[in-house]
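>>> sequence and predicted structure are below.
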Amino acid sequence: MKRSGLFNIINSHPALILATGLLFTGGMIFSYRKLIRPVLVEQKYREAQDYAEYLFNEEFKQKVANKSDS
């Protein structure tokens, strides 16, 4: 199987192999920090907010139930 010219050029120079690896790694880190992490942080924040609201409502229901029992 014949390889493309760009593949042969990159594999012929160790510095180009290193640069390709660094660019790929940098791209992955950039993608995670700018695209993925903000979505995960927002999702985690929303879940925490929903859980806090649930706990607040449960506590309120218990207080109302205790007052009506008195």
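That came through fine.
>>> quickly note the distance from residue 69 to residue 27.
62 Å (Cβ to Cβ, to the nearest Å). Backbone N, C-alpha and C define where each C-beta goes, glycine included.
>>> actually, residue 66.
Using Cβ to Cβ, residue 66 is found at 58 Å from residue 27.
>>> buried residues in the lowest-mean-pLDDT helix or strand in the chain?
Across the helices and strands of the chain, mean pLDDT, DSSP states H and E gives its lowest value to helix 5-12, namely a mean of 82. The neighbour-count check on helix 5-12 (16 or more other Cβ atoms under 10 Å) flags nothing as buried.
>>> so which residues make contact with that helix?
16, 17, 20 (Cβ atoms under 8 Å, 6 or more residues apart in numbering).
>>> from the chain's centroid, how far away is that helix?
Distance of helix 5-12 from its chain centroid, counting by Cα atoms, centre = their mean, to the nearest Å, is 34 Å.
>>> please apply the same query to stretch 45-64.
Distance, centroid of stretch 45-64 to centroid of chain: 26 Å (Cα atoms, centre = their mean).
>>> mind checking how far the most centrally placed residue in the chain is from residue 56?
Nearest residue to the geometric centre of the chain (Cα atoms, centre = their mean): residue 37, 3.2 Å. Distance from residue 37 to residue 56, counting by Cβ to Cβ: 28 Å.
>>> returning to that earlier point: quick one: the contacts of helix 5-12 as TSV, columns for distance to residue 49 and pLDDT too.
Shown next, in TSV, are these (distance: Cβ to Cβ, whole Å; pLDDT from 0 to 100):
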residue	distance to residue 49	pLDDT
16	48	89
17	47	90
20	43	91
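>>> need those in TSV with secondary structure, neighbour count and distance to residue 43, can you?
As requested, those are exported to TSV (DSSP: H, G, I helix; E, B strand; the rest coil; neighbours: other Cβ atoms under 10 Å; distance: Cβ to Cβ, whole Å):
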residue	secondary structure	neighbour count	distance to residue 43
16	helix	13	39
17	helix	12	37
20	helix	12	33
